[in-house]
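Peer 1: Provided below are the primary sequence and the corresponding predicted coordinates.
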Amino acid sequence: MALDLKNLSFSRQILPVAALLGLIAAAIFILAGMPDRDLSEPGREPPRAPEALADSARVAGSGVVEPSSETIQLGSALSGLITGLYVQPGDRVTEGEMLFTVDARAARAQLREAEAAIAEARAAIAEARSTQATAASQLELYRNVEDPAAVSRAEVIRAEGEAAAADERLRLAQARLQAAQARAGSAQTQIAQLTVRAPIAGQILAVNIRKGEYVSTMGASAQPFIEMGQTDPLHVRIDIDEEQAPRLALGEPATVSPRGAADRQVRASFVRAEPLVVPKRSLTNSAAERVDVRVLQVIYELPETDGLFRVGQQVDAYIAAEGAAK
């Protein structure tokens, strides 16, 4: 049957066909754009309360693992080139152990100059004392002469002047010795400052300098040269929102798990609660998290867990509330 174009009607034939084709295209577009609703495992295991507190009043908080000594940030008192670096991250050091050295050639040169000045001043003191003794003896001899005609008044005055000059030379030489000793002490202090040692026994956590680098003490440094702390045992600093702080049973142990490993829970013992409530700085990146609150920081000691916890790691913690403590 041939299609009669002359009798073709737009409203009765073309428009319905176009509407049908549009409906089919819309259905295909909707079906193709629908999201995948297949169930999948979460990327990170959410935290969960321990069984002992599952049906009890509890307070939850997030925390950060830190050394029991807190993190000690080390720098240099003086600017210069790093001439020696003796530690790397993970090393354990004893108190007083050398960590790194800064170029001390200028300070050692100043020390040598001061030591030479000290030797020169001591020689001048010895000479001044000899001259002083000679002048004093000569003056005493003139004063003990019984015959006034034997020694003229001018000779006595000259002897007195020489004795006074000898006294002044001795005082000047002694002042020069003190100045040289002060310069030597200053140089020795600088040399000591250019050798940085461990203030406590602990573990090196980070080394942000390299041998041969120039370090400066001018301005605010972006990061410390070396970070260290006592990591045996480890502590965890837990933030409790100020709204929940009154409910907290202080002194009770905490159940702590690493972020993303809620099945690996350990029991941490209470150490102390910080006396100052501070603005919240440790964030969990939860969409429901409030950042306009202050937090009570509670410190707990972690047990030995063979590397489960590391300094700087985020953790989730649960603590019994008042009235629910066992």
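Peer 2: Sure, I can see it. Residues are numbered from 1 along each chain as shown.

Peer 1: Where is the longest helix in the chain?
Peer 2: Counting by DSSP state H, the longest helix found in the chain is helix 153-193.

Peer 1: After that helix, which helix or strand is next? Please name it.
Peer 2: Next along the chain after helix 153-193, taking DSSP states H and E as the criterion, comes strand 195-197.

Peer 1: In terms of secondary structure, what does that following strand contact?
Peer 2: Where contact means 3 or more Cβ pairs under 8 Å, 6 or more residues apart in numbering; DSSP states H and E, strand 195-197 is packed against strand 98-102. In short, each C-beta sits where N, CA and C put it, glycine included.

Peer 1: Could I get the buried residue list for the next helix or strand after the strand it packs on?
Peer 2: Past strand 98-102, heading to the C-terminal end, the next element that is a helix or strand (DSSP H and E) is helix 105-143. Within helix 105-143, the residues that count as buried by 16 or more other Cβ atoms under 10 Å are 107, 110-111, 114, 117-118, 121, 124-125, 128, 131-132, 135, 138-139, 142.

Peer 1: State the mean pLDDT of helix 105-143.
Peer 2: Summarised as a single mean, pLDDT over helix 105-143 is 84.

Peer 1: Then stretch 280-299?
Peer 2: Stretch 280-299 comes out at a mean pLDDT of 72.

Peer 1: swap in stretch 247-261?
Peer 2: Rounded mean pLDDT across stretch 247-261 is 88.

Peer 1: same check, this time on stretch 229-236
Peer 2: The model assigns stretch 229-236 a mean pLDDT of 94.

Peer 1: That stretch: which residues count as buried?
Peer 2: So for stretch 229-236, counting by 16+ other Cβ under 10 Å, buried means 229-231, 234-236.

Peer 1: Dump those to a markdown table, plus distance to residue 103 and secondary structure.
Peer 2: Shown next, in a markdown table, are the buried residues of stretch 229-236 (distance: Cβ to Cβ, whole Å; DSSP: H, G, I helix; E, B strand; the rest coil):
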| residue | distance to residue 103 | secondary structure |
| --- | --- | --- |
| 229 | 28 | strand |
| 230 | 30 | coil |
| 231 | 31 | coil |
| 234 | 36 | strand |
| 235 | 37 | strand |
| 236 | 40 | strand |
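
Peer 1: Check the residues you listed against residue 27 and report the nearest one.
Peer 2: Within the buried residues of stretch 229-236, proximity to residue 27 (Cβ to Cβ) peaks at residue 236, which comes in at 55.8 Å.

Peer 1: hang on, that closest one packs against residue 68?
Peer 2: No. Using Cβ atoms under 8 Å, residue 236 is not in contact with residue 68; the gap is 10.2 Å.

Peer 1: what residues are shared contacts of the two?
Peer 2: Shared contacts of residue 236 and residue 68, defined by Cβ atoms under 8 Å, 6 or more residues apart in numbering, are absent.

Peer 1: rewinding a little: export the buried residues of stretch 229-236 to TSV and append columns for distance to residue 200.
Peer 2: Listed next are these as TSV, based on distance: Cβ to Cβ, whole Å:
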residue	distance to residue 200
229	8
230	6
231	11
234	15
235	15
236	20
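
Peer 1: Tell me which two in those are the farthest apart.
Peer 2: Every pair of those checked by Cβ to Cβ; the farthest is 230 and 236, at 14.3 Å.

Peer 1: so who does the residue minimising distance to the centre of the chain touch?
Peer 2: Closest to where the C-alpha atoms of the chain average out (Cα atoms, centre = their mean) is residue 73, at 2.4 Å. Residues near residue 73 by Cβ under 8 Å, 6+ apart: 224, 226-227.

Peer 1: What's the PyMOL line that selects buried ones from those residues?
Peer 2: Only the buried entries of the contacts of residue 73 go into this PyMOL selection, using 16+ other Cβ under 10 Å:
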select buried, resi 224+226+227
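
Peer 1: any chance of the contacts of residue 73 in TSV, plus distance to residue 175?
Peer 2: Shown next, in TSV, are the contacts of residue 73 (distance: Cβ to Cβ, whole Å):
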residue	distance to residue 175
224	42
226	42
227	46
